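A.B. asks: The sequence and its predicted three-dimensional model are supplied below.
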Amino acid sequence: MAWFKKTRKPMAAAVKEKPSRVPEGLWVKCPGCAQVIYNKDLAANVSVCPKCGHHFRLTAAERLRMLFDGAWMEFDKDLVSTDPLVFTDTKPYKSRLQAGIESTGLKDAVIVASGAIDGIETMVASMEYGFIGGSMGVVVGEKIARGIERAIDARMPVVIVCCSGGARMMEGALSLMQMAKICGALARLDRARLPFISVLTDPTTGGVTASFAMLGDLNIAEPKALIGFAGPRVIEQTIRQTLPQGFQRSEFLLEKGMLDLVVDRRELKMAIANALRFMGATASAAPSPEPPVPVAIETAPQA
Amino acid sequence: MAETLEFEEPIAVFLKEIDALAAMPRTDARDREIDGLRRRIESVRGELYRSLTPWQRVLVARHPSRPGLEDFIQRLFTGFSEIHGDRRFADDHAIMTGFANYKGQPVLLVGHVKGGDTKEKIFRNFGYARPEGYRKALRAMRIAEKFSRPIIVFVDTPAAYPGIESEERGVAEAIAVNLRDMMMLDTPIIVIISGEGGSGGALGIAVGDRVLMQEFAIYSVIPPEGCAAILWRDPAKKVEAAEALKLTAPDLMKAGIIDGIVREPIGGAHTDPAAAAEIVDEALAQTLAEVSALGSGARLAARYDKFRNMGRLGIDFIDTRSS
């Protein structure tokens, strides 16, 4: 208990500018090397610091612009959560949703779209961290599952760009179940022998890591991204010691065998395109129109 | 003496009185008084348990003597033979797998074990499974699939183990692979949430054709304490968080996440494990028969659709384009 209690409200702090990943200003300071960078240079460099290679976080739309050759077709962009639990913590979930909608212009934390990656028609789900921490609730789950199912129908590869704190608490166990739902759709994609590439960006944690993020035919991460299941603070509280330097970063996961490769954002698009070509995808045409003949050891065919 | 929970204070008072009386020399009057107190306990307990708050249910679900996998093995199955290890790194002790007979039919049992006394709790890592546990579970389930044996899963874990080695050995990957592969396992899978359904650590072995839940069990995306710490920035708000998370069996039934609620004796499964097991037995036998009657294709399609439809258009989300 404090001996003295402040009864007056503290003086209003200077109104903080809304932090944006690529600030509105002409110049931006790199958190990696403190270099001041001309904003247009940064944008031209896919938001990677030209000096130290620090990867600034991208919005979901910036990500699509970076991956696709040109225009893309967006799916299910008008799905909105109804706040099924009528959840309220320090403020109502409804107002958090509203704030997310206003600040990102999206209706939930993912854009699902199809377009060409170096000529290869691909279904891409790109997560938006600015929308309640990129968290996964029913809308994210539904949009990604529908995207995967569309890709199966159109025999198209799937790329999911993860950028998320995990399952969305405000939708309770429904959020948890989206993990099973998306993994189920991925199981069907896998059976259809279509490529799935998971791109892990900073941060990818919790229920997103423990579901689709780790299931890529290839798991590709951007450098120094935080990737983990439990949050670092939770682990520190459990084991009561500080974590080693670089723990849960891309390079650590690569070393531990959890990632296929760590790729600089400037080379990411070509790395994805190359992998897709290895997996049988061809430019402006779906990968092999018919699935290969199932091998004899496959389990009983489904009705 | 049975442990009582904080909200069972009125019961604890009666129990103390009974203890005191029991220490006195035996007379008819004393016995009558004890019987009277016992009846009072029954009625108070009945009242308490008819209107448990979500947080109180959390406490019941975590009760140290709540019957779990080992208890069910003893009461409902015969000839249990444990199988160990993930053939890659280690044998996890928080998840147990093994063959057993259920009413004469061979089945595979999979489930979390929290452990009874302190020594065993440490051995079982308090039911916090490491990646090896999830990999062992999948390995065992593949054997069951190969030989067309049904799988019965008992879920009771606070969470997957949040530790350095867990992350290093890919606990996220282990859970993810289970989610994907359990969806396609071509054999009946019945899941019973019997205690704590702790987020990914629970779901990692809980994809099945039917998911049943015991009346006072919980199933949540995050423990109430963790949710309170993050959203309220105050772990003491766990009671509010438990309320908000809708983690009780009736709530999850309404949300379409579980397929059935398995009743418990008044006062919770720990007050009468034999009766609790009997009710589980009934539900299990019926559910297993239903699922086993389905052909492989229909069963797998239904399993997919069941999870696919979690998050319902028009209820949990809407398409604003059409309105």
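C.D. replies: That came through, no problem. Residues are numbered from 1 along each chain as shown, chains lettered A, B, ... in the order given.
A.B. asks: Tell me which helix or strand the residue in the stretch 1-150 of chain B positioned nearest to chain A sits in.
C.D. replies: In the stretch 1-150 of chain B, the residue found nearest to chain A is B:Glu145; the distance is 7.5 Å by Cβ to the nearest Cβ. Every residue, glycine included, has its C-beta placed from N, CA and C. Using DSSP states H and E, the secondary-structure element containing B:Glu145 is helix B:131-146.
A.B. asks: ditto for A:Pro50
C.D. replies: With DSSP H and E as the criterion, A:Pro50 is inside neither a helix nor a strand.
A.B. asks: B:Ala29 now?
C.D. replies: B:Ala29 belongs to helix B:28-50 when elements are defined using DSSP H and E.
A.B. asks: what helices or strands is the helix or strand following that helix leaning on?
C.D. replies: The element immediately downstream of helix B:28-50 (helix or strand, assigned by DSSP H and E) is helix B:54-61. Other helices and strands packing on helix B:54-61, by 3 or more Cβ pairs under 8 Å, 6 or more residues apart in numbering or on different chains; DSSP states H and E, are strand B:218-220, helix B:238-245.
A.B. asks: Now helix B:54-61: average pLDDT?
C.D. replies: The pLDDT scores in helix B:54-61 average 97.
A.B. asks: ok, and what's touching it?
C.D. replies: Outside of helix B:54-61, the residues that reach it under the criterion Cβ atoms under 8 Å, 6 or more residues apart in numbering or on different chains are B:5-7, B:48, B:52, B:66, B:195-196, B:216-218, B:224, B:238-239, B:242-243, B:245-248, B:251, B:268, B:270.
A.B. asks: of these, list those near chain A.
C.D. replies: Among the contacts of helix B:54-61, the ones lying near chain A by Cβ under 8 Å from any Cβ of the partner chain are B:Leu245, B:Lys246, B:Leu247.
A.B. asks: where does the residue in chain B positioned nearest to chain A land on pLDDT?
C.D. replies: With Cβ to the nearest Cβ, the shortest gap between chain B and chain A falls at B:Gly297, namely 2.6 Å. At B:Gly297, the predicted lDDT confidence score is 97.
A.B. asks: That one in helix, strand or coil?
C.D. replies: Taking DSSP: H, G, I helix; E, B strand; the rest coil as the rule, one finds B:Gly297 in the helix state.
A.B. asks: Give me the neighbour count for it.
C.D. replies: Using other Cβ atoms under 10 Å in any protein chain shown as the criterion, B:Gly297 is surrounded by 13 other residues.
A.B. asks: now swap in A:Gly231 and tell me
C.D. replies: Applying other Cβ under 10 Å, I find that A:Gly231 has 19 neighbouring residues.
A.B. asks: Name the nearest residue to it, sequence neighbours excluded.
C.D. replies: Distance criterion Cβ to Cβ, 6 or more residues apart in numbering or on different chains; nearest residue to A:Gly231, sequence neighbours excluded, is A:Thr205 at 6.1 Å.
A.B. asks: Contacts only, for the one you found.
C.D. replies: Residues touching A:Thr205, when contacts are defined by Cβ under 8 Å, 6+ apart, comprise A:Ser164, A:Gly165, A:Gly166, A:Leu226, A:Ile227, A:Gly228, A:Phe229, A:Ala230, A:Gly231.
A.B. asks: Let's see that with 10 Å instead.
C.D. replies: Shown here is A:Thr205, whose contacts under the criterion Cβ atoms under 10 Å, 6 or more residues apart in numbering or on different chains are A:133-134, A:162, A:164-166, A:213, A:226-232, A:234, A:248, B:172.
A.B. asks: cool, and B:Gly127?
C.D. replies: Applying Cβ under 10 Å, 6+ apart, one finds that B:Gly127 lies in contact with B:62, B:68-69, B:93-95, B:111-115, B:121, B:133, B:155-159, B:161, B:195-196, B:198, B:201.
A.B. asks: Repeat the analysis, applying 7 Å as the threshold.
C.D. replies: For B:Gly127, the contact set (Cβ atoms under 7 Å, 6 or more residues apart in numbering or on different chains) comprises B:Ala94, B:His112, B:Val113, B:Lys114, B:Asp156, B:Thr157, B:Pro158.
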